[in-house]
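>>> The following block contains a protein sequence and its predicted model.
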Amino acid sequence: MMPLPPHDQRYFDPVETLPRPELLALQQQRLLAMIAYAYERSAFIRHQWDAAGLEPRDITSTAEFCARAPLIDKDQMREWRDRHDDPFCGLLCTPVSEISFMGSSSGTTGDPTIFSYRWGASDGNLPAGPGLPADGPASYWGGTLRDWWEIGLRPGEYGIFFGLRMRGPMFRLLQQLGLTPVMLGYGPGDLERFCGLSRELRPTVFYAMTAFLGAGLQELERSKGIDMRDVFASYKGILFAGEPIGPKMRRTFERWGLADKLFNQTSFGDLGHAHDCREHDGCHAWEDIGIAEIIDPVSGRTIAGDGRGELVCTSLVNPLDPLLRYRGGDIVDMKRGRCECGRTHARFTPVGRSADEMLVQGRSILPMDVWGAIEDVPATQHGLFQIVRPRREMDTLKIRVGYAGSPDLNAVRDALVDSVEAAVGLRAEIVLVPEEEIARSGSRHKIPRTVKA
Amino acid sequence: MKVNDPDLRAPGELASRWAVCLLRLPGSTRTHTVSLRDIEADTAWAREVFSRMGLRRGEPAHLIGAGYDNAFLWPYENALMALGVPFGVAEPVAIDAPRTDMFLRRFHLQAVIGLTGELVDALLGLQRDLRALLGHSTVVALPDAVAKLRAAGLAPWTLLPLGPLYAFEPPEGGGADYDRSEWRVESIGGELCVSSVGPRATPLERLGLGVRGTIGPEGRVMIEP
């Protein structure tokens, strides 16, 4: 096992608290190397930069990079992929033979795009990290050991792993910290087994909680009288991934004694994942691993300092398929000041996706705006819903909502219309369907919150 | 049938409890622990299987399996990495079929391992030509997919999940082989049962698998259709 910090030490890596001038100097040094590396090896990046009349030697600082380098997005990558019959979208900087394995995006808006990973040692049994530069982070399976260490996970503990494989073997992060993963699935019997294993093994982390699993736990509490406070008594962290926790679900977890133990894992602009720390004041964008900018989603202009904007990310340590100024459509609130935890890296809080935003009678609506209103109606308290968004601008807000049990549907519909109106000031058209129908439309860890029809 | 369940609360290093998972049998599940030694032994077997299949370094493959089965699947991922075979991953269920479909369409895959009947049905639902997508690949499929693939003119290997182990039958038939240095599979009253031979973290003795089958003269496993 790799050397770990003293167990009472909060930070995993000294870079987490590096004074900001030193952090930005390190970032710039890696950026300038990455620009040259990616321009030379990535046909897609070279094409985009050539089209912008730019070469790596034109960029001498991070500020110049953010001001002059072209933005890239998934549509451009897909267009390149289809035009050149290149599954890697022109991003791959190495021969295919140097890839260990390929994960992929969810493919919500088209063919999934590929993320390539390389294992560090020839024997994957060794708890070595993936193939990263010697000066890179200790490990980076999408997330970092820093994030899991911050939760308080320590060797010898157990960690519940309800994980899928498409982003790679995330359970290896737990093993690299000396935890034993307890691997469970989304089948109907596994949640009850989870309750039993939690009492038996007393795990310290749950990865990854979703609305679907949260609803299942509430149902077990109701139908079988399982004491969830006891089930979760040993947990230091419950990680929500794929989508944030809704307000009512949060209250349920607070009732189970987990108020300060709910962590959010979100996308760091397809570079990987970002987690919030124990201060719960935004997800840390590790700025030695990537550059996190925000832009105006319409004009594309950079927004300096703090504020709301579309997240734009640049890889600094990815030797396989680095992204430079990639806009993934996530709208975030950015904070760059020092966190209460002492870390000096920027933080962001996701507030929605630009592709999910719609204008109804001129009013901006994101799924999070109606989430709590739907959870407030008892028959739809699990928050399984989808906004029907055939186009960005609509006259009517139409929401498909999943209900549990056999309620009076007319009464539920009326209650939802009133609740949504109280939240966003619009009388919505509500389509009620059994919860299972909504759950089936997603990949089990994430439900598409907007659908075209 | 006797099963020795280890005390999962006993203190120990990661080597002795690399992962805990559920062993899924028809109508029941049981807690199952694997050690690093188990993983290394299974990785050695997986390398041997892939060598028999003729997998080549540097050419991409597709490995389908469920995240909750990582304790059984990881040795196969590990073997592919050790052999230098880049592979794309997907889950074995219909909802993940677009991912498998993407890998099949966009790569000239040397092998597709773990195809399920559910995925084959989903690919057919997408109007895919199985022979065009898979004809150039070594195909390794679960029993519920094999007949459909053969009907499409393909000659798949069969991947037979037998509780905590996988057995493999070549396209020409003759029964499925498994790692006999770690396991013993018997047919008792027509039901396949598995015992551990190697020093597994979770020893098993004649664990009934709920699958009917026989053992051929060379010790290979034949399941009843």
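Alright, I've got the coordinates. Computed from a predicted structure; not experimentally measured.
>>> Isn't A:L311 up against A:T266?
No: between A:L311 and A:T266 there is no contact under Cβ atoms under 8 Å: 9.5 Å. Heads up, the C-betas are built off the backbone N, CA and C, glycines and all.
>>> joint contacts of those two?
A:D330 (Cβ atoms under 8 Å, 6 or more residues apart in numbering or on different chains).
>>> Neighbour count: these two, which is higher?
Neighbour count, other Cβ atoms under 10 Å in any protein chain shown: between A:L311 and A:T266, A:L311 has more, with 28 against 23.
>>> Work out for me the element the residue nearest to the spatial centre of chain B sits within.
Nearest to the mean C-alpha position of chain B, by Cα atoms, centre = their mean, lies B:Y166 at 4.2 Å. Per DSSP states H and E, B:Y166 falls inside strand B:165-169.
>>> contact partners of the top helix by length along chain B?
Of all the elements of type helix in chain B, the one with the most residues (DSSP state H) is helix B:36-53. With contacts defined as Cβ under 8 Å, 6+ apart, helix B:36-53 is touched by A:125, B:14-16, B:18, B:72, B:74-76, B:78-80, B:82-83, B:85, B:111, B:138, B:140, B:157, B:165, B:168, B:170, B:179, B:181-182, B:198-201.
>>> Those residues in helices, which ones?
The members of those that map onto helices under DSSP H are B:72, B:74-76, B:78-80, B:82-83.
>>> hang on, the earlier thing: C-terminal to the longest helix of chain B, what's the next element?
strand B:61-64.
>>> Output the contacting helices and strands for that next one.
Counting contacts by 3 or more Cβ pairs under 8 Å, 6 or more residues apart in numbering or on different chains; DSSP states H and E, strand B:61-64 packs against helix B:70-83, strand B:87-90, helix B:97-106, strand B:111-115.
>>> that older thread, which SSE is immediately downstream of the strand holding B:Y166?
Next helix or strand after strand B:165-169 toward the C-terminus (DSSP H and E): strand B:183-188.
>>> So which bits of that next one are buried?
Across strand B:183-188, burial judged by 16 or more other Cβ atoms under 10 Å in any protein chain shown covers B:183-185, B:187.
>>> these two touch, right, the residue nearest to the centre of chain B and B:F72?
Yes: applying Cβ under 8 Å as the test, B:Y166 and B:F72 come out as touching, 7.0 Å apart.
>>> follow-up on the earlier one: and the helices and strands packed on strand B:61-64 as TSV, adding mean pLDDT?
Formatted as TSV, those follow (pLDDT from 0 to 100):
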stretch	mean pLDDT
helix B:70-83	93
strand B:87-90	95
helix B:97-106	96
strand B:111-115	98
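>>> Export the ones you listed as CSV, with columns for distance to chain A and mean neighbour count.
Output for those, formatted as CSV (distance: least, Cβ to the nearest Cβ, whole Å; neighbours: other Cβ atoms under 10 Å in any protein chain shown):
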stretch, distance to chain A, mean neighbour count
helix B:70-83, 4, 23
strand B:87-90, 4, 26
helix B:97-106, 4, 22
strand B:111-115, 11, 26
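>>> can you redo those as JSON lines with distance to A:G282?
Output for these, formatted as JSON lines (distance: least, Cβ to Cβ, whole Å):
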{"stretch": "helix B:70-83", "distance to A:G282": "31"}
{"stretch": "strand B:87-90", "distance to A:G282": "31"}
{"stretch": "helix B:97-106", "distance to A:G282": "31"}
{"stretch": "strand B:111-115", "distance to A:G282": "39"}
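>>> of all the ones you listed, which lies closest to A:E429?
For the helices and strands packed on strand B:61-64, the distance to A:E429 is smallest for helix B:97-106, at 29.1 Å, taking Cβ to Cβ.
>>> That closest one - contacts with which helices or strands?
Counting contacts by 3+ Cβ pairs under 8 Å, 6+ apart, helix B:97-106 packs against strand A:101-104, strand B:61-64, strand B:87-90, strand B:111-115, helix B:117-125, helix B:130-134.
>>> Now do that helix: everything it contacts.
Contacts of helix B:97-106 (Cβ under 8 Å, 6+ apart): A:81, A:85, A:87, A:102, A:104, A:107, A:111-112, A:166, B:62, B:64, B:88, B:90-91, B:109, B:112, B:115, B:119, B:122-123, B:125-126, B:128, B:133-134.
>>> What's the PyMOL syntax to select whichever of the residues you listed are buried?
Buried residues within these, by 16+ other Cβ under 10 Å, are selected in PyMOL with:
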select buried, (chain A and resi 81+87+102+104+107+111+112+166) or (chain B and resi 62+64+88+90+91+109+112+115+119+122+123+128+133+134)
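>>> Which residue comes closest to A:H47 once chain neighbours are left out?
A:G90 (6.9 Å; Cβ to Cβ, 6 or more residues apart in numbering or on different chains).
>>> Repeat that for B:D144.
Nearest non-adjacent residue to B:D144 (Cβ to Cβ, 6+ apart): B:G117, at 3.3 Å.
>>> again with A:R68
A:L54 (6.2 Å).
>>> My read is that that neighbour contacts A:A67, right?
No: taking contacts as Cβ under 8 Å, A:L54 lies outside contact range of A:A67: 11.0 Å.
>>> Output the strand holding B:Y166 as CSV, restricted to C-alpha atoms.
Extracted C-alpha coordinates of strand B:165-169, given in CSV (Å, rounded to 0.1, in the frame of the first residue of the first chain):
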residue,chain,number,x,y,z
LEU,B,165,-16.1,-18.6,-10.7
TYR,B,166,-16.4,-18.4,-14.5
ALA,B,167,-16.1,-21.4,-16.8
PHE,B,168,-15.5,-21.1,-20.5
GLU,B,169,-16.5,-23.4,-23.3
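>>> quick one: that strand to helix B:36-53, angle?
Here the directions of strand B:165-169 and helix B:36-53 differ by 10 degrees (axes from the mean of the first three to the mean of the last three Cα atoms, to 10 degrees).
>>> quick one on the thing from earlier: what mean pLDDT does the longest helix of chain B have?
The average pLDDT within helix B:36-53 is 95.
>>> Using PDB, list the CA coordinates for it.
C-alpha atoms of helix B:36-53 as PDB (Å, rounded to 0.1, in the frame of the first residue of the first chain):
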ATOM      1  CA  LEU B  36      -5.700 -10.500  -2.700                       C
ATOM      2  CA  ARG B  37      -4.400 -14.000  -3.100                       C
ATOM      3  CA  ASP B  38      -7.800 -15.100  -4.600                       C
ATOM      4  CA  ILE B  39      -7.600 -12.100  -7.000                       C
ATOM      5  CA  GLU B  40      -4.000 -13.000  -8.100                       C
ATOM      6  CA  ALA B  41      -4.900 -16.700  -8.600                       C
ATOM      7  CA  ASP B  42      -8.000 -15.700 -10.600                       C
ATOM      8  CA  THR B  43      -6.000 -13.300 -12.700                       C
ATOM      9  CA  ALA B  44      -3.500 -16.000 -13.600                       C
ATOM     10  CA  TRP B  45      -6.400 -18.200 -14.700                       C
ATOM     11  CA  ALA B  46      -7.900 -15.300 -16.700                       C
ATOM     12  CA  ARG B  47      -4.600 -14.700 -18.500                       C
ATOM     13  CA  GLU B  48      -4.500 -18.300 -19.500                       C
ATOM     14  CA  VAL B  49      -8.100 -18.200 -20.800                       C
ATOM     15  CA  PHE B  50      -7.400 -15.000 -22.800                       C
ATOM     16  CA  SER B  51      -4.300 -16.600 -24.200                       C
ATOM     17  CA  ARG B  52      -6.300 -19.700 -25.300                       C
ATOM     18  CA  MET B  53      -8.700 -17.300 -27.000                       C
END
